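*Asks:* no sequence on hand, only this structure:
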C-alpha cells in the first residue's frame, strides 16, 4: 500500500510559497551635508571684487535656480543609501517671505489713465524697492504686482523679502520614486556686512546664500504686459516668471494671463531651490538611514501540506489494518515465532532449483 504515498505529491495543491520579504531597519550611512562652505570650485555661487565683497553670481547659482523654476519641482536628489532608503538632513539656506496687500508704486500698474484707449496693460511686474542699487544688494526686498486677464485667475500685490531659515529635509526613495518633505524655520536675516565678528567661514556662507537669493529673485523680476496702440495689441514678455508653476501658459494667443497662488509660489520657489542644494557636490556626513532590504522567504501552507499527506497516511494505515485482520483470520496457521519456520516458509523453491542446476 505504500504506492499511495506518492499520490499526494501529484494531487496536493501547492504547499510551498516564495514570498518577497522587506526588512526595514536603521543603518549607518553617509548622506549629503547641504553645507555650502564645503565642496570645490564647482560649488562656488558668488563672484567677489575688492575687499572680498559680493559682486555677482556664477553660472552654478543661475543653473540651480533656473532648473528649479523651469522644472517646477525639487531637483532629483542623491540616493545616498540605496534605491529604497530614507534619510534626513538639516542645514541653513534662504527663504522668501511675502506680505500680501502691500501697496506697490503706481507706475508698476500700467499707463492707462481714465478713459484712455492707448497705453500699457500690466499683468505682471516685479521690481526691487530701490532699483538703482539692486545690482549690488542681493538681499533687497522686491514688490510684486500681478493681474489675471480672466476672473478665474488671481490678482494682487505684495512685498517679498529674503531671510535665513533652517531646513529639516527628509528624502525618501522607493521603487524608483523620490519623495521629499521638509520643515522651514525662519531664524533671521542674512549676513550682508563683513564685520569684525564674522569669521571667514561665516562670510563665505553668507556670500553663497546671497547668491542663491539674487539668482532666485532675478527670475521673478521684470514685467509681462500688452501695449495697446491705435490699431493693434503688442505683447511684451520681459521676465522668466512665465516658467513658474503659479502661471498658466495654456491660454491661447499669448494675450491672456492667468495666475494662481503667486505669493505662495514665490515662497515655494525659494524652498525648492534650497532643497536642491543637496544635489550639489558638497561632501558627505555620517548619519543614520532607514533602509529597506529585500530578500526571499519560503513559506509552507500547513493545511495544504498536511491535509493530502494525512489522508494518504490514513488510507495506508487503514489498508494495513484490514490486511492484517484478513491475514489473521485466513492464515492463522502460518503465524509462527520460530526463525527456522520463517526461513522455511520464505524459501523460494524455484531459486533452489536454479542454484542446484548451476552448481552441477
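*Replies:* Perfect, thanks for sending it. Small disclaimer: the values here were computed from a predicted structure and weren't measured.
*Asks:* for this protein, just list every one of the helices.
*Replies:* Shown for the chain, the helices assigned by DSSP state H span residues 7-11, 59-71, 200-220, 262-276, 302-330, 339-346, 349-359.
*Asks:* where among these is the average confidence lowest?
*Replies:* Here the lowest mean pLDDT among those goes to helix 7-11, at a mean of 56.
*Asks:* distance check, residue 138 against residue 128.
*Replies:* Residue 138 sits 10 Å away from residue 128, going by CB to CB, to the nearest Å. In short, each C-beta sits where N, CA and C put it, glycine included.
*Asks:* which neighbours do these two share?
*Replies:* Residues touching both residue 138 and residue 128 (CB atoms under 8 Å, 6 or more residues apart in numbering) are residue 217.
*Asks:* and the two? Which one has more around it.
*Replies:* With neighbours defined as other CB atoms under 10 Å, residue 138 and residue 128 compare such that residue 138 has more, 27 against 16.
*Asks:* skipping adjacent residues, who's closest to the more buried one in space?
*Replies:* Take residue 138 and drop its neighbours on the chain: the residue closest to it by CB to CB, 6 or more residues apart in numbering is residue 214, 3.5 Å away.
*Asks:* can you tell me how far that neighbour sits from residue 141?
*Replies:* Here the distance between residue 214 and residue 141 works out to 13 Å (CB to CB).
*Asks:* which one of those two has more residues nearby?
*Replies:* Shown here are residue 214 and residue 141; by other CB under 10 Å, residue 214 has more neighbours (26 against 18).
*Asks:* list the residues that contact that one.
*Replies:* Contacts for residue 214 were tallied using CB under 8 Å, 6+ apart; they are 56, 57, 61, 138.
*Asks:* next one: the last one from residue 62, what distance?
*Replies:* If I follow you right, that is residue 138. For residue 138, the distance to residue 62 equals 13 Å [CB to CB].
*Asks:* and the strands in the stretch 1-150 of the chain?
*Replies:* With DSSP state E, counting those that start in this stretch, the ranges of strands along the stretch 1-150 of the chain come out as 16-32, 46-48, 54-57, 85-100, 119-128, 142-146.
*Asks:* any residues touching the third one, and which ones?
*Replies:* Applying CB under 8 Å, 6+ apart, the external contacts of strand 54-57 come out as 45, 46, 47, 48, 49, 136, 138, 207, 210, 211, 214, 215.
*Asks:* pairing partners for the strand ranked longest in the chain, with directions?
*Replies:* In the chain, with assignment by DSSP state E, the single longest strand is strand 156-174. Strand pairing for strand 156-174, determined by DSSP bridges: strand 85-100 (antiparallel), strand 142-146 (antiparallel), strand 177-188 (antiparallel).
*Asks:* what angle sits between the shortest one and strand 119-128?
*Replies:* Taking axes from the mean of the first three to the mean of the last three CA atoms, to 10 degrees, strand 142-146 and strand 119-128 form an angle of 150 degrees between their directions.
*Asks:* and strand 142-146, how far from the chain's centre?
*Replies:* Taking the mean of its C-alpha atoms, strand 142-146 sits 32 Å from the chain's own mean (CA atoms, centre = their mean, to the nearest Å).
*Asks:* tell me the buried residues in stretch 99-113?
*Replies:* Residues of stretch 99-113 classed as buried by neighbour count (16 or more other CB atoms under 10 Å): 104, 108, 110.
*Asks:* and if you look at stretch 257-264?
*Replies:* Buried residues in stretch 257-264, counting neighbours by 16+ other CB under 10 Å, are found at 257, 258, 259, 262, 263.
*Asks:* let me have those in JSON lines, adding distance to residue 99 as columns.
*Replies:* Output for the buried residues of stretch 257-264, formatted as JSON lines (distance: CB to CB, whole Å):
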{"residue": "257", "distance to residue 99": "23"}
{"residue": "258", "distance to residue 99": "23"}
{"residue": "259", "distance to residue 99": "17"}
{"residue": "262", "distance to residue 99": "13"}
{"residue": "263", "distance to residue 99": "8"}
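*Asks:* who does the residue nearest to the spatial centre of the chain bridge with?
*Replies:* Compute the mean C-alpha point of the chain, and by CA atoms, centre = their mean the closest residue is residue 178, 1.7 Å away. Per DSSP bridges, the residues bridged to residue 178 are residue 173.
*Asks:* that one reaches residue 75, doesn't it?
*Replies:* No - using CB atoms under 8 Å, residue 178 is not in contact with residue 75, being 9.5 Å away.
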